[in-house]
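Peer 1: Pasted the sequence and its predicted model underneath.
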Amino acid sequence: MTVHLVGAGPGDPGLLTVRARELLERADVVVYDRLSQESLLDLAPPGAERIDVGKAPGRHRMAQEEINALLVERGRAGQTVVRLKGGDPFVFARGGEEAAALAAAGVPFEVVPGVTSAIAVPAYAGIPVTLRHSSTSVTIVTGHEQPGAGDGTVDWEAVARVGGTIVVLMGVARIRRIAESLIAGGRSPDTPVAAIQWGTRPEQRTVRATLATIADQPLGTPSTIVVGDVAACDLAWFENRPLFGRRIVVTRPRDQARELVDRLRELGAAAIEVPAIEIGDPADGGAALAAAVERLAAGAYAWVVLTSPNGARRLLAAVRAAGRDARALGGTRIAAIGPGTAEALAEGNLVADLVPPRFVAESLVEAFPAPPPGGDPAGRRVLLARAAVARDVLPEGLAAKGWDLDVVEAYRTRPARLDERQVRALAEAEVVTFTSSSTVTNLVAAVGREALPPVVAAIGPVTAATARELGLEVAVEAEVHTAAGLVDALCAWAAENPRPVAPRVD
């Protein structure tokens, strides 16, 4: 039994440490606070309990003493407990109090340091906290002083006299008194100040002012406040990303969403995973696919046609389950509907012989050769492994060309269950992406059209057509029908539809 006090970093999921990720992936319980990026909770197993104990100004879900007791209780119960705290658990995060409570109770614990917002947030705003020739020291101070301490527990005038850069955490509510005290300690009223709210996250907002004017600016919590000459630096990089600040829902199944999610986040978006479908076994448990693999190995097919990465992976799994390898398809040519399917085949050391120029069934039919005249019946037979529910364009088109088909159910899609957090995320998002017709139909059936974000993005014409049939207006349609093509289309749309920008204060 161990309680892990884990630093979640300042917000960007990419700043999570390797050790923190390892612990989240095997947690029984995750106790998290307001400053934790909620997408990090998706790293925990689906059955893990998630307990929100977050604090916000004027609102505490749970007092600190109750949190301490909760950690002791769950630790004693033998559960793997991850206490996920924003930033670093020992930098103004009360991790020391929680560790002391666990030690007093005899509950083993581990401390996993995190990237502190005091350094990372200014960096994401383009502000180096030190500069070799002008700012050679940095002082990190909490603005959230001990209640009931009269004039406070921080000697701000002494802090002012230290020189260098001052980074104030949790200081928005007291910024006027802090600024006045720093000026009284000798700092110039014209000293640059930058306040960065929700730093490292797509919601990041930077307000720039001076010590004399910062208290009159519209600051929000949580903010990291930088005081000193370095606050005049504006080496912007994070806020210049093409999808910065866009909240984009990814509806792909969780185990297939990573490529799209990672790329959106690299470009500055808040990528929110709301899986609309889950991939399940075919109705017969895979018996028909297993039999088809045996016929493949016997040379019964001239072609295998695969219409999705799911179908490709299911076929490869059936080949392995039969105790065979890629040689089972040695004499058979393979057609893949697009590069994603071809990449899934490559995972099993198979190279597609045919990928159509447009990644839709119509293009595959057009590109598919005619069967050879006469000869062995195996030379005219095609195995089509696909989802249980799919369009008939492909089997009808190949049959019209003279091919004999065995259509085999390789997998089924079923609606994924959405929890309260996912439904809320949908309501707060700006864009929803659909990568298949099944993601559209299942999400609309689950929450209704009115609950979807205002901007609909589709991976290609078939998915877009399904969305329109269900009454949705499609604003973004990828020309290249891949995850990368969808991201490119979103970037082009974002360039033409800039986000409203709050007035900047300098």
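Peer 2: Sure thing, it's come through. Numbers count the residues shown, from 1 in each chain.
Peer 1: give me phi/psi at the closest residue in space to Ala335 that isn't next to it in sequence?
Peer 2: Computed as C-beta to C-beta, 6 or more residues apart in numbering, the closest residue to Ala335 that is not its neighbour in sequence is Leu354, at 4.2 Å. All C-beta atoms are positioned from the backbone trio N, CA, C, and that covers glycine. Leu354 adopts backbone torsions of phi -140, psi 120, taken as degrees, to the nearest 10.
Peer 1: do the same with Ala475
Peer 2: phi -90, psi -30.
Peer 1: Next up, the contacts around it.
Peer 2: Going by C-beta atoms under 8 Å, 6 or more residues apart in numbering, Ala475 touches Val455, Val456, Ala457, Trp493.
Peer 1: again, but for Arg161
Peer 2: With C-beta under 8 Å, 6+ apart, Arg161 has these contacts: Gly185, Gly186.
Peer 1: Assign a three-state SS to it, would you?
Peer 2: Put simply, Arg161 is helix when judged by DSSP: H, G, I helix; E, B strand; the rest coil.
Peer 1: where does the stretch 351-500 of the chain dip in pLDDT?
Peer 2: Scanning the stretch 351-500 of the chain for pLDDT under 70 picks out 500.
Peer 1: Please, where are all the strands along it?
Peer 2: 381-387, 404-415, 431-434, 455-458, 474-477 (DSSP state E, counting those that start in this stretch).
Peer 1: Nearest to Arg358 among those strands would be which one?
Peer 2: Nearest to Arg358, of all these, is strand 474-477, at 12.8 Å by C-beta to C-beta.
Peer 1: Direction included, what does the closest one pair up with?
Peer 2: Partner strands for strand 474-477, per DSSP bridges, with pairing direction: strand 455-458 (parallel).
Peer 1: who's in contact with the partner strand?
Peer 2: 248, 430-434, 440, 464, 467, 472-478, 486, 489-490, 493.
Peer 1: And that strand, how far out from the chain middle?
Peer 2: Here strand 455-458 is found 18 Å from its chain centre; the criterion is C-alpha atoms, centre = their mean, to the nearest Å.
Peer 1: again with stretch 125-143
Peer 2: The mean C-alpha position of stretch 125-143 is separated from the chain mean by 31 Å, C-alpha atoms, centre = their mean.
Peer 1: Just the C-alphas of that stretch, formatted as CSV.
Peer 2: Output of stretch 125-143 as CSV, limited to C-alpha atoms (Å, rounded to 0.1, in the frame of the first residue of the first chain):
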residue,chain,number,x,y,z
ALA,A,125,4.6,33.1,-22.3
GLY,A,126,8.0,33.7,-23.9
ILE,A,127,9.6,35.1,-20.7
PRO,A,128,12.9,33.7,-19.4
VAL,A,129,13.0,34.1,-15.7
THR,A,130,16.8,34.8,-15.8
LEU,A,131,19.0,36.6,-18.3
ARG,A,132,22.7,36.4,-18.1
HIS,A,133,23.5,40.1,-18.1
SER,A,134,20.4,41.6,-16.4
SER,A,135,18.5,39.2,-14.2
THR,A,136,20.8,36.7,-12.5
SER,A,137,18.5,35.5,-9.7
VAL,A,138,14.9,34.5,-9.3
THR,A,139,12.8,34.5,-6.1
ILE,A,140,9.6,32.4,-5.9
VAL,A,141,7.1,33.7,-3.4
THR,A,142,3.5,32.7,-2.6
GLY,A,143,0.9,35.5,-2.6
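Peer 1: what pLDDT, on average, does it get?
Peer 2: Average pLDDT, stretch 125-143: 92.
Peer 1: Now do the buried residues in it.
Peer 2: Ala125, Gly126, Ile127, Pro128, Val129, Ser135, Val138, Thr139, Ile140, Val141, Gly143 (16 or more other C-beta atoms under 10 Å).
Peer 1: isn't the last one right next to Ile175, touching?
Peer 2: What that stands for is Gly143. Yes: between Gly143 and Ile175 there is a contact under C-beta atoms under 8 Å: 7.3 Å.
Peer 1: Would you mind giving the strands of the stretch 351-500 of the chain as CSV with distance to Gly11 added?
Peer 2: Below are the strands of the stretch 351-500 of the chain laid out as CSV (distance: least, C-beta to C-beta, whole Å):
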stretch, distance to Gly11
strand 381-387, 38
strand 404-415, 31
strand 431-434, 20
strand 455-458, 24
strand 474-477, 26
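Peer 1: nearest to Val274, of those strands?
Peer 2: strand 431-434 (8.1 Å).
Peer 1: Now do the helices in the stretch 151-300 of the chain.
Peer 2: Remark: helices assigned in the stretch 151-300 of the chain by DSSP state H, counting those that start in this stretch are 156-162, 175-184, 258-266, 287-297.
Peer 1: Remind me what the third one packs against, helices and strands.
Peer 2: Secondary structure elements in contact with helix 258-266, counted by 3 or more C-beta pairs under 8 Å, 6 or more residues apart in numbering; DSSP states H and E, are strand 247-250, strand 270-273, helix 483-496.
Peer 1: re earlier: what sits in contact with each of Gly143 and Ile175?
Peer 2: Listed as contacting both Gly143 and Ile175 by C-beta under 8 Å, 6+ apart are Val168, Ile225.
Peer 1: and Leu5, what are its phi and psi?
Peer 2: phi -90, psi 100.
Peer 1: what about it, neighbour count?
Peer 2: Neighbour count of Leu5, defined by other C-beta atoms under 10 Å: 27.
Peer 1: now the one 5 residues further on
Peer 2: For Pro10, the tally of surrounding residues (other C-beta under 10 Å) stands at 29.
Peer 1: and Arg205, what does it touch?
Peer 2: Arg205 touches Ile196, Gln197, Trp198, Gly220, Ala502, counting by C-beta under 8 Å, 6+ apart.
Peer 1: how much space between it and Arg34?
Peer 2: Applying C-beta to C-beta, to the nearest Å, the value for Arg205 to Arg34 is 17 Å.
Peer 1: again with Glu428
Peer 2: From Glu428 over to Arg34 (counting by C-beta to C-beta), the distance is 16 Å.
Peer 1: Compare these two and say which is more crowded by neighbours.
Peer 2: The residue with more neighbours, out of Glu428 and Arg34, is Arg34; 16 against 11, by other C-beta under 10 Å.
Peer 1: What sits closest to that one if chain neighbours are left out?
Peer 2: For Arg34, ignoring the flanking residues on the chain, the nearest one in space by C-beta to C-beta, 6+ apart is Gly54 at 3.3 Å.
Peer 1: Could you measure from the one you found over to Arg295?
Peer 2: In this view, Gly54 and Arg295 are 57 Å apart by C-beta to C-beta.
Peer 1: now swap in Ala346 and tell me
Peer 2: On the measure of C-beta to C-beta, Ala346 and Arg295 end up 23 Å apart.
Peer 1: swap in Arg333?
Peer 2: 15 Å.
Peer 1: what do you get for Ala344?
Peer 2: Per C-beta to C-beta, Ala344 is found 21 Å from Arg295.
Peer 1: neighbour count winner among those two?
Peer 2: Neighbour comparison, Ala344 and Arg295: the larger count goes to Ala344, with 23 against 15 (by other C-beta under 10 Å).
Peer 1: Write a PyMOL command that selects only the buried members of the contacts of strand 455-458.
Peer 2: Typed into PyMOL, the line below selects the buried ones among the contacts of strand 455-458, using 16+ other C-beta under 10 Å:
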select buried, resi 248+430+431+432+433+434+440+464+467+472+474+476+477+478+486+489+490+493
